[in-house]
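> Fold the following, please.
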Amino acid sequence: MTGQMTWLDQARDAHRRGDVAAETAALDDAIRTDRGNIAAILAMAELKRRQQDDRAAGSFYRLALGTAAQARSVATALHPGLQRAEEFLAATERAFADHLLGQLRDTGIDQRNATPRVAEALRMLAGEQQLYLQQPSMFYFPGLPQRAFFERGAFDWVPAVEAATDAIRAELSALIDENGDHFGPYVTASADRPPPNNPLLDKPDWGAAWLWKDGEVADGMAEICPQALAALAHAPQPIIPGRAPLALFSRLKPGTHIAPHHGMLNTRLICHLPLIVPDGCGLRVGADTRSWREGELMIFDDSFEHEAWNRGTSDRTILLFEIWRPDISPDERDQLTRIFSAIDSYSE
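Take a look at the predicted model:
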């Protein structure tokens, strides 16, 4: 405590005398002595701010906020200073964005006429869009392009699957009409594992009727949904014993929200064939939000943070399945298949 008062007294005395160099030296010495000294870091930010060095002030404010975020506890007396730091950074980021975009408009570039990638880079630079990257929860394959959505026109098998939409929807209707409905909660717990921390655990709000599960056609589905299985055969689904193919009818009841999360792998893409889509439904992957259109495949990388919702008044149901990423070579697919099989065999 005595050491803290020494630097504080020195800084205050220098400030009263108008000796900026001495005040800077006292604060710098306090920060170097104790990298977690939030009070000294905030005081340095305020000094830089008085000197109208906003870039330096912003650097020290960010350091103070980062240090506070990692601290076990932060003294109540420091809370106003940290709030002031957040307000200053928000204001300077807005001012920077206005300056940047104004300068670019004068040169003929803005987000409306820039190419999609340049426009996205500008949104992130201006603080209007968060940076999202692949963050699979289980296995990361390096070197793949960071793309959240893939356009359906890039896949030659898509028309064959989409052409079967009406037949697949008819099979879905027959499935629902059957006793038992075939739908169960998508999020479930294993008897020998801790339950997942998911508000949809064991709830029918997010329902699943499996066509392929754990690499096998689900019981009875060959007879009930032959057209759906035939359509899926056109897609380049992974074939991994005990794991893939994977396909299901995924149903969201009205008012259901699937919270933001990441998929397990970035070696696959998730495909949605929308079958029944009321108004008010949507999917966000990374920074891009889209709505389903019945009969039009939506293809995305679920290793990006993503979420989905049904804000409509009736069920939303899609056919969900996975495919290999097209930029993974046949040889790499074979090696990955053996890797995943080895992972799965560990618990056998």
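> ok, the residue most central in space within the chain to Ile299 distance?
Centroid check for the chain by C-alpha atoms, centre = their mean gives Glu305 as the closest residue, at 1.5 Å. Using C-beta to C-beta, to the nearest Å, Glu305 is found at 17 Å from Ile299. In short, each C-beta sits where N, CA and C put it, glycine included.
> what does Met264 give?
Met264 is 17 Å from Ile299, by C-beta to C-beta.
> In terms of neighbours, single out the busier of the two.
Remark: of Met264 and Ile299, Ile299 carries more neighbours, 18 against 12, as counted by other C-beta atoms under 10 Å.
> for the helix or strand containing Leu283, what is the average pLDDT?
Element membership for Leu283 (DSSP states H and E) is strand 281-285. Averaging pLDDT along strand 281-285 yields 96.
> Give the buried residues for it.
For strand 281-285, burial by neighbour count (16 or more other C-beta atoms under 10 Å) applies to 281, 283-285.
> how about the helix-or-strand element of the chain with minimal mean pLDDT as PDB, C-alpha atoms only?
Across the helices and strands of the chain, mean confidence by mean pLDDT, DSSP states H and E is lowest for helix 2-17: a mean of 78. The C-alpha coordinates for helix 2-17 follow below in PDB (Å, rounded to 0.1, in the frame of the first residue of the first chain):
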ATOM      1  CA  THR A   2       2.900   2.400   0.800                       C
ATOM      2  CA  GLY A   3       4.400   1.800  -2.600                       C
ATOM      3  CA  GLN A   4       1.100   2.600  -4.300                       C
ATOM      4  CA  MET A   5       0.800   5.900  -2.300                       C
ATOM      5  CA  THR A   6       4.300   6.800  -3.300                       C
ATOM      6  CA  TRP A   7       3.700   6.700  -7.000                       C
ATOM      7  CA  LEU A   8       0.300   8.300  -6.500                       C
ATOM      8  CA  ASP A   9       1.700  11.100  -4.400                       C
ATOM      9  CA  GLN A  10       4.500  11.700  -6.900                       C
ATOM     10  CA  ALA A  11       2.100  11.800  -9.800                       C
ATOM     11  CA  ARG A  12      -0.300  14.100  -8.100                       C
ATOM     12  CA  ASP A  13       2.500  16.400  -7.000                       C
ATOM     13  CA  ALA A  14       3.900  16.600 -10.500                       C
ATOM     14  CA  HIS A  15       0.400  17.300 -11.900                       C
ATOM     15  CA  ARG A  16      -0.100  20.200  -9.500                       C
ATOM     16  CA  ARG A  17       3.300  21.600 -10.600                       C
END
